[in-house]
Structures are given as structure tokens and as C-alpha cells.
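Asks: could you work out the structure for the sequence below:
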Amino acid sequence: MTTALAADGTRLACQVRGSGRPLVLLAGQANNHTWWDPVREDFHGSHTTITFDYRGTGDSDKPEGGYSTAGFAGDVVAVLDHLGVAEADVYGTSMGGRVAQWLAACHPGRVRRLVLGCTSPGGAHGVERSNEVRRSLARRDARAREVLADLMYTPAWRATHPGPYTTLGDPDMPAHAVRGHLVASNGHDAWDALPRITAPTLVLHGDDDELAPVANADLLTSRIPDARSHIFPGARHAYFEECRPAASQIVRDFLNLPLSGRPVEPPAPSP
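Replies: Take a look at the predicted model:
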């Protein structure tokens, strides 16, 4: 682990593993880098994976303010600068996909290829989860994590994969940071910025996702130039884990395509 400094001085814990071209992996709301533990090694044959603990999570500082998806994108830039990485592939899921939208739109030179998973453009154009799901997520009783697990994974998959699951939130987050992440995700609206994304983009989604309805995949694909999509039938929010290894292979194949007008680049040394 190494520590980067955000523009406001917040310390950001970041983790670098593997070897090859840099790949930034961005986790979901109120989660730290362990979100990616079940599938991270799938990318180490071609990429150096870079994760970090969002402010408010893991080993990063937990300030009272500074929580927004655009602000998190600025934190990613601070991590890349700290590691000396000029350009990276970026794969963001859930709130991490919202962060990745801002990163690619506002810092196009830093993003070589973009993958957006189980996410939404937000705002008035985004398709929101139902009130029933919102009420389920607001629960604070003993069954809260069970309810969230059902939204992440299908019952059939959970029957053969009893956990523990790394996608159900960072249990050590202070209450103010949990609220900050919720406000950040709910306040996301990148609709007007999406056409500015220049990186070739792949949109992935499960068609039984109630946390981020699958209709958002079509919205993103139609709004982002040069975007394509792949839908996983029957999958819920954590398609990247439940549909492994197919999902990881689709991402690898996309990331390793040559860019139009550019030669295929050899893997870069680990930062």
C-alpha cells in the first residue's frame, strides 16, 4: 500500500498489483478496494491493477466533507499522479462507474479505454431504483446485509457461494462518511458531460439489477460516443462476480483491442 494526497490534503490509500498496462478499478458506494478482491487477479495477465480506498473508507482519511462523484474523480487523478501514471484503462462499477464518467469526461487524456458496469448517468435522465428497493436499503436491522446480498446476487448463485461477500459495504466507515457517500451517489448527474467522453467505452449490466436498473445501460451507450454494451441475462448488481469468468474475459478482450489509428502497445512496467 502507498498513500497519495488529494488536492485538499486528504490521504488516500492506494494499492498496486500485477504487471502490464495500468488498469484503475473503481468500487461501489461505501466500499473500499476489497470490492474487487474476488476478480482482481483476472486482469493481472495483461494489466497492473490500481485501486484506492475512497475518502471515508478503508485506510484513507475520513474527512467531514468533500464527498461527490466529481470529487472522487479528482481523487483518482491524485492517485495516478502519485503513481506516475499518465494514462490508464479504467473500469468502474456501481458508484465507481459514476466516478469513472467524470474522470473520462473531465480528464480525457488520462483514460485510454473505459468500462462502465452496473451504473447510471444519474440526474433526471437516469432510471432510478424503486421506492421498495430504497426502503430495503434504508433498513438498519439484523437483516439489512441479507437484503443487500439479495440485490447483489441471485439466490441460485448464493446457494453455492455462501460468502463472505466483499461488496456489502465497508463496516468500519463512520456515519458521516456513509452519509457522504450516499449524497455523492444520489447527487450524481453526468448527462451533459457524457458526450465529451472520447475513450472507447464498454457498458456492462445485469438485466435483473434492481439497484441500478438495466435501462441505464442503453442510456449510457446512446449518450457516449463510440460506446458498446453487453448485458448478462439473469444477473443482478454484482454481475462481475457472479458471471465471472465470462465478464472478466469480455473486459480483457475489450481492453486489449488496438485503438483506432494507434499500434497495439506492449504492456507497460508496473508503476
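Asks: so what's residue 35 up against?
Replies: Residue 35 is in contact with 27-28, 93, 96, 166-167, counting by C-beta atoms under 8 Å, 6 or more residues apart in numbering. (Each C-beta comes from the backbone N, C-alpha and C, glycine too.)
Asks: just put these in TSV and tack on secondary structure and distance to residue 245.
Replies: What follows is these, written out as TSV (DSSP: H, G, I helix; E, B strand; the rest coil; distance: C-beta to C-beta, whole Å):
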residue	secondary structure	distance to residue 245
27	coil	20
28	coil	20
93	strand	16
96	helix	20
166	coil	17
167	coil	17
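Asks: wait, which of these is closest to residue 72?
Replies: Relative to residue 72, the closest of the contacts of residue 35 is residue 96; by C-beta to C-beta it sits at 8.5 Å.
Asks: need the contact list for the residue lying closest to the closest one once chain neighbours are set aside.
Replies: Leaving aside its sequence neighbours, residue 96 sits nearest to residue 26 (C-beta to C-beta, 6 or more residues apart in numbering; 3.0 Å). Applying C-beta under 8 Å, 6+ apart, we find residue 26 in contact with 51, 76, 90-93, 96-97, 99-100.
Asks: likewise for residue 235?
Replies: Residue 235 makes contact with 154, 206-209, 242-243, according to C-beta under 8 Å, 6+ apart.
Asks: can we see that at 7 Å?
Replies: Contacts for residue 235 (C-beta atoms under 7 Å, 6 or more residues apart in numbering) come out as 206-208, 242-243.
Asks: do the same with residue 127
Replies: Residue 127 sits in contact with 120, 213, 215-216, where contact means C-beta under 7 Å, 6+ apart.
Asks: at 10 Å instead, please
Replies: Residues counted as contacts of residue 127 (C-beta atoms under 10 Å, 6 or more residues apart in numbering) are 120-121, 212-219.
Asks: and the helices in the stretch 101-250 of the chain?
Replies: For the stretch 101-250 of the chain, helices defined by DSSP state H, counting those that start in this stretch occupy the ranges 131-137, 144-152, 155-160, 175-186, 215-223, 239-242, 246-255.
Asks: flag every buried residue along the third one.
Replies: Neighbour counts over helix 155-160 (16 or more other C-beta atoms under 10 Å) mark 157-158 as buried.
Asks: which secondary element of this protein has the worst mean pLDDT?
Replies: Lowest by mean pLDDT, DSSP states H and E among the helices and strands of the chain is helix 131-137, with a mean of 77.
Asks: picking that back up, single out the most deeply packed of the helices of the stretch 101-250 of the chain.
Replies: When you average the neighbours per residue for each of the helices of the stretch 101-250 of the chain (mean count of other C-beta atoms under 10 Å), helix 239-242 leads with a mean of 25.
Asks: tell me what it is packed against?
Replies: Contacts defined by 3 or more C-beta pairs under 10 Å, 6 or more residues apart in numbering; DSSP states H and E place helix 239-242 against strand 88-93, strand 111-117, helix 144-152, helix 155-160, strand 201-206, strand 227-232, helix 246-255.
Asks: the fourth one packs against which elements?
Replies: The reference is to helix 155-160. The contact analysis (3+ C-beta pairs under 10 Å, 6+ apart) places helix 155-160 against helix 144-152, helix 239-242.
Asks: return the member of these having the minimum mean pLDDT.
Replies: Here the lowest mean pLDDT among the helices and strands packed on helix 155-160 goes to helix 144-152, at a mean of 91.
Asks: any idea of the angle that one forms with strand 201-206?
Replies: 120 degrees (axes from the mean of the first three to the mean of the last three C-alpha atoms, to 10 degrees).
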